[in-house]
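Asker: Got a predicted model here, sequence first, then my questions.
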2 protein chains.
Amino acid sequence: MKKSAPATEQRELRVTIDDVARVAGVSKATVSRFLNHRTTRLSPEIALRVEKAVADLAYMPSPMAQALKRGRSRLIGLVVADITNPFSVAVLRGAEDAAQKAGYLVMLFNLGNAGEREREGIEALASYQVEGFILNTLGADSSVARELSRHGKPAVLVDRRLMGMQADFVSLDNTDAVRQAVTHLVGNGWSEFLYVTEPVAGVSPRVERAAAFRTAAAEHARDMGGSLVFEAAEGDDAALDQALLDLKRRAGKKPKAVLASNARTTLRVAESVARLGWVLGRDVGFVGIDETPWASLVGPGLTTIEQPTDDIGRLAVGCLLERIQGQDLPPRQVLLTGRLVARASSQPPAR
Amino acid sequence: MKKSAPATEQRELRVTIDDVARVAGVSKATVSRFLNHRTTRLSPEIALRVEKAVADLAYMPSPMAQALKRGRSRLIGLVVADITNPFSVAVLRGAEDAAQKAGYLVMLFNLGNAGEREREGIEALASYQVEGFILNTLGADSSVARELSRHGKPAVLVDRRLMGMQADFVSLDNTDAVRQAVTHLVGNGWSEFLYVTEPVAGVSPRVERAAAFRTAAAEHARDMGGSLVFEAAEGDDAALDQALLDLKRRAGKKPKAVLASNARTTLRVAESVARLGWVLGRDVGFVGIDETPWASLVGPGLTTIEQPTDDIGRLAVGCLLERIQGQDLPPRQVLLTGRLVARASSQPPAR
DNA sequence: TTGTATGCGTTATCAC
DNA sequence: GTGATAACGCATACAA
């Protein structure tokens, strides 16, 4: 019945371990041993026969069956808050690459910014026996931590911390990044500052960066006029325009600069500046977190802080694999430092 | 032995169909039927018991085991040429979304532009019993078509055709898109044209768009001065600068315009224009294929042709699911029309 | 209508 | 050293 291969319709030609065993004239146990426990000694002659059969049939074990048996799937689950976000994609790239190199495949679950689906995503991925998670979540659903530990599978957080979650964490060194930006601008002679961020709302990188800005501002107090943090609500461009106008009024004749918390904010600030008829780097200094391919093309070129996104992804799966391999370390934090890419938007103000 | 759950170490608390059966006081066959064949009539009383047990235990079938048994995994394999490419990501987004809604999960394999890994990717994904493929490949490895039909699994091509591959194909209507761009520019009074593309090298969308440009140029011959196609090699910025200078010389006093084949090309053209000290929309008209978040910020704003990327992804999995459900249709082509987003870079030339 | 038994492709525990 | 054989969790043909 198994041998009947109708030539008309191409049937499933999956080569199984039984086929190999039959061709090699051994039992499947032997084949399995040959494949998995290279240590145990097989008689050379048999080893050769098996090896040849495997090669001839181009046999590849079914990861599904393996997963079912051993409980390990060589799969990594990646839950991402918003695949539209270039940062997420960059991390994904690094992660997928590192995973591939380690013989793992990535299963993706995109939340589309729908926080309530976090549990759903983890659930779905877990059901496929992923061996661990990389989470770039919204942190909206606090039950995620429980959900995760319920499965007892390792997880590493990327970019965003999760309250009540004891796990490895890989991210940009936000404090240092903001400090670099402020130091750079102050050093170039800018003195009135506005830090623009998406609504903080307890999202950890936003919280940290805003706090870092306040700290840095305090550190540079004697070289700075004033500093303010503005939370730019999603669609409210008018408010952002107004914040910039306020900055201008506040600054008077002193050179004013804006610091944007990420690429999306950078976009919005650039648009706002354009609406006001200002020119970046002339009417207002600028540094934005997140390097982008278009940074050099906007105005006179935008100074940015580049995140080592690739490394973030790579290190995230690195951490994860260590956990998967059973190492029982305490939760680690991996903070990567950003790199300031200086362009004309932050050059010393005229006069 | 199964019942011994050491309280010290949280053991695998995977709920299996056996657990449900035990709790409900029925056989696992009954549970399975309740879950899969809602049609077959169970005695209401038993159905209720099973339902309650499933709910109480929060039972979720193991997709792995199901896949092993039925040969179907509710998994879709997505092979992407370069996850760094915003277009790929946009498609991925749409695809992942549609897949999720249909109860499928996406397994991702990124080629990182390494064409020789196409087979590897398909192989890896296939081994996980993905039910079908969505391919946005490089087309470098011609063995891919064979590889695919070997597995007998449906595939749909996105954006790039594959030689010798009979499969569904979803893409932007390249011909129409280029025609829109040319018509728009000609209508606004631009007359000398340069079409800039990445090296064509047999890559189908590049071929098609370049061809479409030549056709459109021919159609508008009486309103156009001249038209040329330039293939911008990867790192060779000087050549691109020279091409633009040639365009200028050729055009003389006539208004000259550049058409960029995609977002990456747009970036390079914009950089080149900046190097030459020109201003888009004034010294040179411009339209680029691919809408981007930064299009409005470069120069006076870049006119673009927006691809319906989301729909492309969505329709791709739509096609795929139809195939998976066994419909035996002839290969289809789904061509989606782009939308011209007019900005100042293509406004009628001064004078 | 429900239960029993078998097999999907592996790995692992026994015997031999 | 090697080969039966029993799981892994599930779906289904068949028996009841």
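Answerer: Perfect, thanks for sending it.
Asker: and the residue lying closest to residue A:126 once chain neighbours are set aside, how far is that from DNA strand D?
Answerer: Counting by C-beta to C-beta, 6 or more residues apart in numbering or on different chains, residue A:126 lies nearest to residue A:151, which is 4.9 Å off, once chain neighbours are set aside. All C-beta spots, glycine's among them, are computed from the backbone N, C-alpha and C. Applying C-beta to the nearest atom of the strand, to the nearest Å, the value for residue A:151 to DNA strand D is 13 Å.
Asker: My read is that residue A:151 contacts residue A:127, right?
Answerer: No. Using C-beta atoms under 8 Å, residue A:151 is not in contact with residue A:127, being 9.6 Å away.
Asker: Who has more neighbours out of those two?
Answerer: Legend: neighbour count by other C-beta atoms under 10 Å in any protein chain shown for residue A:151 and residue A:127, higher for residue A:151 (21 against 18).
Asker: State the pLDDT value of that one.
Answerer: The per-residue pLDDT reported for residue A:151 equals 79.
Asker: which secondary structure element contains residue A:301?
Answerer: Residue A:301 belongs to no helix or strand when assigned by DSSP states H and E.
Asker: Let me fix that, I meant to ask about residue A:320.
Answerer: Going by DSSP H and E, residue A:320 is part of helix A:309-324.
Asker: what about that helix, near chain B?
Answerer: No. Using C-beta under 8 Å from any C-beta of the partner chain, helix A:309-324 never reaches chain B; the gap is at least 9.9 Å.
Asker: Run through the neighbouring helices and strands of that helix.
Answerer: Packing contacts for helix A:309-324, counted by 3 or more C-beta pairs under 8 Å, 6 or more residues apart in numbering or on different chains; DSSP states H and E, involve helix A:86-101, strand A:132-136, strand A:155-158, strand A:168-172, strand A:333-336.
Asker: Residue A:147 against residue A:124, yeah?
Answerer: No. Residue A:147 lies out of contact with residue A:124 (C-beta under 8 Å); the separation is 11.6 Å.
Asker: more neighbours, those two?
Answerer: The neighbour comparison of residue A:147 against residue A:124 (other C-beta under 10 Å) goes to residue A:124, with 22 against 17.
Asker: Buried ones in the helix or strand harbouring that one, by neighbour count?
Answerer: Using DSSP H and E, residue A:124 sits in helix A:118-127. Of all the residues in helix A:118-127, those buried under the rule 16 or more other C-beta atoms under 10 Å in any protein chain shown are A:118, A:120-127.
Asker: what is the mean pLDDT for stretch A:306-314?
Answerer: On average, stretch A:306-314 scores 97.
Asker: Let me fix that, I meant to ask about stretch A:324-334.
Answerer: Averaged across stretch A:324-334, pLDDT comes to 88.
Asker: Give me the contact list for that stretch.
Answerer: Stretch A:324-334 is contacted by residues A:131-132, A:154, A:166-171, A:315, A:319, A:322-323 when judged by C-beta atoms under 8 Å, 6 or more residues apart in numbering or on different chains.
Asker: what's the distance between it and the middle of its chain?
Answerer: Counting by C-alpha atoms, centre = their mean, to the nearest Å, stretch A:324-334 is centred 18 Å from the centre of its parent chain.
Asker: who in chain A is up against DNA strand C?
Answerer: A:2, A:12, A:14, A:16-18, A:28-29, A:32, A:35-37, A:59-62, A:65-66, A:68-70 (C-beta under 7 Å from any atom of the strand).
Asker: Based on its surroundings, how many neighbours for the nearest residue to residue A:321 once chain neighbours are set aside?
Answerer: Spatial nearest neighbour of residue A:321, excluding adjacent residues (C-beta to C-beta, 6+ apart): residue A:102 at 5.8 Å. Residues lying near residue A:102 (other C-beta under 10 Å) number 14.
Asker: Give me the pLDDT value at residue A:102.
Answerer: 93.
Asker: quick one, phi psi at it?
Answerer: phi -90, psi 10 (degrees, to the nearest 10).
Asker: residues near the closest residue to residue A:215 other than its chain neighbours, how many?
Answerer: Spatially, and ignoring its direct neighbours in sequence, residue A:215 is nearest to residue A:175 (7.3 Å; C-beta to C-beta, 6+ apart). If you count neighbours by other C-beta under 10 Å, residue A:175 ends up with 16.
Asker: Which residues does the helix or strand that contains residue A:175 contact?
Answerer: Following DSSP H and E, one finds residue A:175 within helix A:174-187. Applying C-beta under 8 Å, 6+ apart, the contact partners of helix A:174-187 are A:193, A:205, A:208-209, A:211-213, A:215-217, A:219-220, A:223-224, A:257, A:259, A:285, A:287, A:289, A:303, A:305, A:307, A:335, A:337-338, A:340, A:342, A:346.
Asker: Can you go through these and name the buried ones?
Answerer: For the contacts of helix A:174-187, a burial check counting by 16+ other C-beta under 10 Å picks out A:193, A:205, A:208-209, A:212-213, A:216-217, A:220, A:224, A:257, A:259, A:285, A:287, A:289, A:303, A:305, A:307, A:338, A:340, A:346.
Asker: Need the nearest residue in space to residue A:310, chain neighbours excluded.
Answerer: Nearest non-adjacent residue to residue A:310, counting by C-beta to C-beta, 6+ apart: residue A:94, 4.0 Å away.
Asker: Return, as residue ranges, the portions of the stretch 101-250 of chain A with sub-threshold pLDDT.
Answerer: A:140-142 (pLDDT under 70).
Asker: For it, which residues are neighbours of chain B?
Answerer: So far as C-beta under 8 Å from any C-beta goes, the stretch 101-250 of chain A lies against chain B at A:105-110, A:112, A:123-125, A:127-129, A:150, A:152.
Asker: ok, now with 10 Å
Answerer: Listed as neighbours of chain B in the stretch 101-250 of chain A under the rule C-beta under 10 Å from any C-beta of the partner chain: A:103-112, A:117, A:120-121, A:123-129, A:149-152.
Asker: Just give me the neighbour total for residue A:22.
Answerer: 15.
Asker: wait, what's in contact with the residue nearest to residue A:321?
Answerer: Neighbouring residues of residue A:102 by C-beta atoms under 10 Å, 6 or more residues apart in numbering or on different chains: A:74, A:76, A:317-318, A:320-321, A:324.
Asker: From those, pick the one nearest DNA strand C.
Answerer: residue A:74 (10.9 Å; C-beta to the nearest atom of the strand).
Asker: how far away is the closest one from DNA strand D?
Answerer: For residue A:74, the distance to DNA strand D - C-beta to the nearest atom of the strand - is 15 Å.
Asker: What of residue A:56?
Answerer: 18 Å.
Asker: Residue A:316 is in contact with residue A:322, correct?
Answerer: No. Counting by C-beta atoms under 10 Å, residue A:322 sits too far from residue A:316 to count as a contact (11.1 Å).
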